[in-house]
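Asks: give me a 3D structure for the following:
(2 chains)
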Amino acid sequence: MDKIYAHPKSLRDISNHYCPGCGHGIAHRLICEVIDELGIREKVIGVAPVGCAVIAYDYWDFDCSEAAHGRALAVATAIKRCRPQNVVFTYQGDGDLAAIGTNETIHAANRGENVTVVFINNAIYGMTGGQMAPTTLVGQKTATTPLGREIKYHGYPLKISEMLALLPATKYIERTSLQSPQEIIKTKKAIKQAFENQINNVGFSLVEILSPCPTYWGLSPKQALDWIKDVMVKEFPLGKIK
Amino acid sequence: MTEKIIIAGSGGQGIMLLGKVLAEAAMREGRHVTWLPAYGAEVRGGTAHCMVIVSDEAIGSPYVVTADTLILMNAPSLEKFKDRLDKKGLLVVNSSLAATNNKSKEDKIEQPFTDIAIKMGNIKIANMIALGCFISRENIVKLTTVSRVISDIAPENKRDLVEINQKALQEGAKLS
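Replies: Numbers count the residues shown, from 1 in each chain, chains lettered A, B, ... in the order given. A predicted model of the protein is given here:
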C-alpha cells in the first residue's frame, strides 16, 4: 500500500505547549509541509516571534533565529541580504507585526525585501494575558477592553495587510484562515505561493492567517472556529489582497 | 531567623497562590517577606515556581539560591530543584505526581496531595493541603493566620471556594 500522508520531516514529532484549539499547531505544520514539498529544508531560515510561538524553533527542525519583539523583519532583512541563497521567513503574531513591530514591518515591506512573512492574526495578545491588539474587533472584550473595544477610545481594527498592499514594493499579500479543512488547504496554498515567490525572486510576500485563540476569546475550540467564520471574516475579508 | 522557600509545580496547580498565602500570613504576623514568581511562556500549563523568603530582618534580595524548604508538586519540578536544597533543609514532595530517590538522606515529607484533593472533591486544592502540611511541621506561621488569609483574599466571585480550601488546609495539617 502506498503511503500518502506522513508527519512532515521538518516538524519535530513532539507534543507542543499550545492551548487546546490554538491555531499555531496547524500553521506550524502547514509551513513544514510546504518546506518539505519545496525541498528547501536545508536552505530555509525561520525567524521566530515573541508571543506564544516564541519557541516555534523547538517544533521546527530547520535553522531558525530569534528576534527581539517586533523585529523579526529587521532580522530577516539582515539574514537575507547577507545570505540571499537562503529562504528566509518570519512567523509573527498581530502584536509582533502590527504593534511593537509596525515600523520594521512597514520599512521591510517598503524596501521590498525578498522574504516571506507568515502573519498569524488572532485579534488579541496571547502570551501576555489577552490584552487588546491592533487587530482586535470593535466590541471585542479583552483584558484591557473589559467593556469591549470602542472606536472613540481605541480606534478601529488595523488593516495592516491592506496598508502594506499600497506600497509599490510589496508583491503578494493574501488573507486566509484556519477555520475549516477547506480554509486550511487554501492557507497552505497561500503559504506555498509566498515561499515560491521568494525562490523565484518575485519579492516581499505576506500571508495573513486568521487563527483561533479559544483561551482569550473565552470560547470553546469549536466556537472559536465559528467566530472566525461568522464574525472575524466580516472585518478581515479572506482572499488575495495583492 | 530567615526561612527561604521554593515552591514549584505545573501551571494550574496554584503554586503562586500557595506562595502568596504564605507570604501574606507571615506579613500579618509582623515578619519581613518577599515573594518572587517565575512563569513559563505558556498560557496554559507549563512550569511555575515562586520563591518566598520570611525573615525577622529586612531582606536584601528576593532570589533564593539555596532553599531551606522545597515544596515540589510535580516530577519536572523535583528534577529541576532537587539540588537547590540546603543540607539541613526540608523536602516536601507531592507523591501523587513525583517520587524521590528513597536512598537520599534529607528530611522529607512525601504525601499524595493531589490524590487527597481528588478524594476531597477538587483537584485544585492540592496546594492548600501541601501548605497545611508544611505549616504544621515547620511552624513559620500560625495555621490560624493562614486560615484567616484564605478567607480574606478570595475574590467576590470565588467566595464559595473558601470552605473547601479551609478544609484542605486542615487535612494537610493532619498529615504531619
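Asks: look at the closest residue to B:Ala58 other than its chain neighbours and say how many residues are nearby.
Replies: In space, and not counting its chain neighbours, B:Ala58 is closest to B:His32: 5.5 Å by Cβ to Cβ, 6 or more residues apart in numbering or on different chains. Just so you know, the C-beta spots here come from the backbone N, C-alpha and C atoms, and that holds for glycine as well. Counted with other Cβ atoms under 10 Å in any protein chain shown, the burial measure for B:His32 works out to 14 neighbours.
Asks: phi, psi of B:His32?
Replies: The phi and psi values for B:His32, taken as degrees, to the nearest 10, are phi -80, psi 140.
Asks: so which elements touch the helix or strand harbouring A:Ala108?
Replies: Element membership for A:Ala108, per DSSP states H and E: helix A:102-111. Counting by 3 or more Cβ pairs under 8 Å, 6 or more residues apart in numbering or on different chains; DSSP states H and E, the packing neighbours recorded for helix A:102-111 are helix A:72-82, helix A:160-165, strand A:204-210.
Asks: residues in contact with it?
Replies: By Cβ atoms under 8 Å, 6 or more residues apart in numbering or on different chains, the list of residues contacting helix A:102-111 from outside reads A:70-74, A:76-77, A:97-98, A:115, A:117, A:134, A:160, A:163-164, A:167, A:169-170, A:204, A:206.
Asks: and B:Gly19, how far from A:Val117?
Replies: Using Cβ to Cβ, to the nearest Å, one gets 41 Å for the distance from B:Gly19 to A:Val117.
Asks: check contacts around the residue nearest to B:Glu42 when sequence neighbours are not counted.
Replies: Distances taken as Cβ to Cβ, 6+ apart place A:His17 nearest to B:Glu42, at 4.5 Å, with adjacent residues excluded. Contacts for A:His17 (Cβ under 8 Å, 6+ apart) come out as A:55, B:40-42, B:45-46.
Asks: got the angle for the helix holding A:Ala108 vs helix A:72-82?
Replies: Direction vectors for helix A:102-111 and helix A:72-82, defined by axes from the mean of the first three to the mean of the last three Cα atoms, to 10 degrees, enclose an angle of 40 degrees.
Asks: who in chain A is up against chain B?
Replies: Counting by Cβ under 8 Å from any Cβ of the partner chain, the positions of chain A adjacent to chain B are A:17, A:19-20, A:52, A:54-55, A:126-127, A:129, A:215-216.
Asks: redo these as a markdown table? Include pLDDT and secondary structure.
Replies: Formatted as a markdown table, the residues of chain A next to chain B follow (pLDDT from 0 to 100; DSSP: H, G, I helix; E, B strand; the rest coil):
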| residue | pLDDT | secondary structure |
| --- | --- | --- |
| A:His17 | 93 | coil |
| A:Cys19 | 95 | coil |
| A:Pro20 | 95 | coil |
| A:Cys52 | 96 | helix |
| A:Val54 | 96 | helix |
| A:Ile55 | 94 | helix |
| A:Gly126 | 95 | coil |
| A:Met127 | 93 | coil |
| A:Gly129 | 93 | coil |
| A:Thr215 | 97 | helix |
| A:Tyr216 | 97 | helix |
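Asks: so which residues on chain B come close to chain A?
Replies: Contact residues of chain B with respect to chain A, defined by Cβ under 8 Å from any Cβ, are listed as B:40-46.
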